[in-house]
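Student: Next come a sequence and a model predicted from it.
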Amino acid sequence: MAEMELKSVRKAYGNTEVLRDIDLKIEDGEFVVLVGPSGCGKSTLLRMIAGLEPISGGAFTIGGQPMNDVAPRDRDIAMVFQSYALYPHMSVERNMGFSMEIRREPVAKRKGPVAEAAQTLGLDKLLDRFPKALSGGQRQRVAMGRAIVRDPKAFLFDEPLSNLDAALRVEMRLEIAKLHQRLGATMVYVTHDQVEAMTLADRIVVLNGGDIQQVGSPLDLYDTPANLFVAQFIGSPNMNVFDVTPVDGGVRLGNGTVLPGPAEARHLGIRPEHVEIVEDSGDVTATAQLVERLGSDTNIYTDIDGAGPLLVRVSGNVGLKPGDRVTLRYNPARLHFFGADGAALPRT
């Protein structure tokens, strides 16, 4: 049973609070991703779960058992770090089975778990190689295999893909997702990359400044962000946000356009993919500033007269160039409204 629960957990270094009143329950077999900008406390929280950092206040349990004062080696948790930390003088097989070796398990007993983990990760033909003869992705697989061989209650990943190039990150992201499906183990994963968070997580925990901003499924956070920070952090490209002022019948943009919306709204948001370019009458006109052709999609950076910049994302290619005038139409059902404090408001 690898259900984890943090109740009012806090972390402080002297008078500096890093994490405040963290309440989070991670179900057995769940894949939870901790995401946020640098310095938000996500890696510190992961290290507290692992026992590598002491908890300053609150309670942490695994399977209902208190863990605050339990040593890391006794928590039955395996951790995969950003650095592979492989022993260069050991073969892949020995690196993967080293946790069993230091427990003085006989060689014959190590063979089975190592071979099974190697098969799962596609390393079965590389067991005799040394780390210097492996690619970055293969080394990360070895680090994951070392964790699997321990057969822990839970896996913790601390930005394991940040040292890899773009193609390898995609490949390893798929490997980690398949690994979770095969093992059904509880996994907690730290990243600053919200694409990794969206594609891997059962639930995402968004942190900022030591506080949890929102917890939910990837689509919950995408469709109904709790506040302006989550709205702009989740989703790629970022959500467009405009300052608005309340008027009779709704809210007004800087160019005078009035949209239906709550009177408390001070910010309006719309995602780039929820704006379309039209030939006939639309909602606003703008000037194309930059056109990014990505193949499957095109990003058009525009400037709305009197209102400011707006990024539009369309499928496929469009025949636009900087300086062209475009007519834009938004999807009214996809508008997001936020109050002066940044909290999300109900849609009208």
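Tutor: That came in fine, so what should we check first?
Student: measure stretch 323-340 end to end?
Tutor: Start-to-end span of stretch 323-340 (CA to CA, to the nearest Å) is 34 Å.
Student: same question, stretch 131-142
Tutor: 9 Å.
Student: Show me what counts as buried in it.
Tutor: 131, 134, 137-142 (16 or more other CB atoms under 10 Å). Glycine gets a C-beta too; all of them are placed from N, C-alpha and C.
Student: Tell me the first helix or strand C-terminal of the helix or strand where residue 120 lies.
Tutor: Here residue 120 sits within helix 107-121, counting by DSSP states H and E. Downstream of helix 107-121, the next assigned helix or strand under DSSP H and E is helix 136-149.
Student: Specify the angle between that next one and helix 107-121 in degrees.
Tutor: Angle, helix 136-149 to helix 107-121, by axes from the mean of the first three to the mean of the last three CA atoms, to 10 degrees: 130 degrees.
Student: Low-confidence regions, the stretch 1-150 of the chain specifically.
Tutor: Low-confidence segments of the stretch 1-150 of the chain (pLDDT under 70): 1.
Student: which residue ranges form the helices in it?
Tutor: 42-50, 92-96, 98-102, 107-121, 136-149 (DSSP state H, counting those that start in this stretch).
Student: Pipe the buried residues of stretch 131-142 into JSON lines and attach distance to residue 27 per row.
Tutor: Converted to JSON lines, these look like this (distance: CB to CB, whole Å):
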{"residue": "131", "distance to residue 27": "35"}
{"residue": "134", "distance to residue 27": "35"}
{"residue": "137", "distance to residue 27": "30"}
{"residue": "138", "distance to residue 27": "32"}
{"residue": "139", "distance to residue 27": "31"}
{"residue": "140", "distance to residue 27": "26"}
{"residue": "141", "distance to residue 27": "27"}
{"residue": "142", "distance to residue 27": "29"}
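Student: Which parts of the stretch 201-348 of the chain are strands?
Tutor: Counting by DSSP state E, counting those that start in this stretch, the stretch 201-348 of the chain has strands at residues 203-208, 211-216, 240-243, 245-247, 250-252, 258-259, 267-270, 275-278, 284-293, 297-304, 308-315, 325-330, 336-338, 344-345.
Student: Any idea how far apart the tips of stretch 181-201 sit?
Tutor: Note: stretch 181-201 ends 12 Å apart using CA to CA.
Student: That one: which residues count as buried?
Tutor: Result for stretch 181-201 [16+ other CB under 10 Å]: buried residues 185-194, 196-198, 200-201.
Student: Mind checking which of those residues are in strands?
Tutor: 186-191 (DSSP state E).
Student: Make TSV out of those residues and add distance to residue 335.
Tutor: Shown next, in TSV, are those (distance: CB to CB, whole Å):
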residue	distance to residue 335
186	38
187	35
188	34
189	32
190	32
191	29
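Student: how about CSV for these, with pLDDT added?
Tutor: CSV is the format used below for those (pLDDT from 0 to 100):
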residue, pLDDT
186, 94
187, 95
188, 96
189, 95
190, 95
191, 92
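Student: Closest one to residue 271 out of these, please.
Tutor: residue 191 (21.1 Å; CB to CB).
Student: Go ahead and confirm the closest one touches residue 159.
Tutor: Yes. Using CB atoms under 8 Å, residue 191 is in contact with residue 159, at 5.6 Å.
Student: Show me the residue sitting in the middle of the protein in space.
Tutor: Residue closest to the average C-alpha location in the chain (CA atoms, centre = their mean): residue 197, at 2.6 Å.
Student: I'd guessed that one sits against residue 203; true?
Tutor: No. Applying CB under 8 Å as the test, residue 197 and residue 203 come out as separate, 9.9 Å apart.
Student: Need the overlap of contacts for the two.
Tutor: In terms of CB atoms under 8 Å, 6 or more residues apart in numbering, residue 197 and residue 203 are both contacted by the residues residue 33.
Student: what residues does the helix holding residue 120 touch?
Tutor: Outside helix 107-121, the residues that reach it (CB under 8 Å, 6+ apart) are 92-93, 96-97, 100-101, 123-124, 126-127, 141, 144-145, 148-149, 151, 175, 179, 182.
Student: one more time with 10 Å, if that's ok
Tutor: Around helix 107-121, the neighbours that count as contacts under CB atoms under 10 Å, 6 or more residues apart in numbering are 92-101, 103, 105, 123-127, 138, 140-142, 144-151, 175, 178-179, 182-183.
Student: Now which of those residues would you call buried?
Tutor: 92-100, 123, 126-127, 138, 140-142, 144-150, 175, 179.
Student: Can you show me the CA trace of the helix holding residue 120 as CSV?
Tutor: Taking Å, rounded to 0.1, in the frame of the first residue of the first chain, the C-alpha atoms of helix 107-121 are listed here in CSV:
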residue,chain,number,x,y,z
VAL,A,107,24.5,-13.1,-7.4
ALA,A,108,22.0,-15.8,-8.4
LYS,A,109,19.2,-13.9,-6.6
ARG,A,110,20.1,-10.6,-8.3
LYS,A,111,20.0,-12.0,-11.8
GLY,A,112,16.2,-12.4,-12.1
PRO,A,113,15.1,-8.9,-11.0
VAL,A,114,17.8,-7.3,-13.0
ALA,A,115,16.9,-9.3,-16.2
GLU,A,116,13.2,-8.5,-15.7
ALA,A,117,13.8,-4.8,-15.3
ALA,A,118,16.2,-4.8,-18.3
GLN,A,119,13.5,-6.5,-20.4
THR,A,120,10.9,-3.9,-19.3
LEU,A,121,13.2,-1.0,-20.3
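Student: Alright, I will stop here.
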